[in-house]
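In: My questions are about this predicted structure, shown below with the sequence.
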Amino acid sequence: MSSLQPFRLGRQAASASSLHLPPDPSASVAVKLEYALKKVSKQAAQYEGQMKDLESKLSENLSNFRAIDSLLSEAFSGLQRNTKRADRAVHHQVPGIHRDLQDSREVLEDLAETLPTVQAQVQDIFDVYESGRQKVRASALLTAAPHLTFENLPGKELG
């Protein structure tokens, strides 16, 4: 409403000057005030638009921040869970694995010590088996051909 009052005064001042009346100093001030008021109103409207744009951007950025914060919280929780699992493994499973490994080493060392003895026993068993097989073979030949003597047996070099 106040913006209309100076505008009317401005018209009166303009009409007074067209009538060649001396200018009213209050009318000139009213025109200046009206101009300043329009300028400030226009600037206020621009600022209001900028504030709405900033509010919209701020709202979007806040939403993005919350989403990122949520993702970071989930990642941090996952890291904490994995850290607890790793600590549990280090404190409980790794010592058990070391004990099992040490036991396995001791068993392997024992086996390595007894291996030559076992190999010698296997060789002795093989030699006895081969000897028995050759005797059976020679006996079968003698039974099949009684006219052969030990000297003319095939495979004499084996026994």
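Out: Noted; the coordinates are in hand.

In: Is the residue minimising distance to the centre of the chain in a helix, a strand, or coil?
Out: Against the mean C-alpha coordinate of the chain, by C-alpha atoms, centre = their mean, the closest residue is Ala75 at 8.6 Å. Under DSSP: H, G, I helix; E, B strand; the rest coil, the three-state class of Ala75 is helix.

In: Would you state the helices of this protein in chain order?
Out: Along the chain, the stretches classed as helices by DSSP state H are 4-18, 25-88, 94-144.

In: Need those helices in TSV (columns: mean pLDDT).
Out: Below are the helices of the chain laid out as TSV (pLDDT from 0 to 100):
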stretch	mean pLDDT
helix 4-18	47
helix 25-88	94
helix 94-144	91
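
In: tell me the most buried of the ones you listed?
Out: For the helices of the chain, ranked by mean neighbour count under the definition mean count of other C-beta atoms under 10 Å, the leader is helix 4-18 at a mean of 14. Placement of C-beta: from N, CA and C, glycine included.

In: residues contacting Arg133?
Out: Arg133 is in contact with no residue at all, counting by C-beta atoms under 8 Å, 6 or more residues apart in numbering.

In: and it, how far is that from Asp124?
Out: Relative to Asp124, Arg133 is positioned 15 Å away (C-beta to C-beta, to the nearest Å).

In: And Lys32, how close does it get to Gln119?
Out: If you measure Lys32 against Gln119 using C-beta to C-beta, the figure is 119 Å.

In: same deal with Ser28?
Out: From Ser28 over to Gln119 the distance is 126 Å, taken as C-beta to C-beta.

In: what's the answer for Gln46, then?
Out: In this view, Gln46 and Gln119 are 100 Å apart by C-beta to C-beta.

In: dump the residue contacts of Ser139.
Out: By C-beta under 8 Å, 6+ apart, the contact set of Ser139 is empty.
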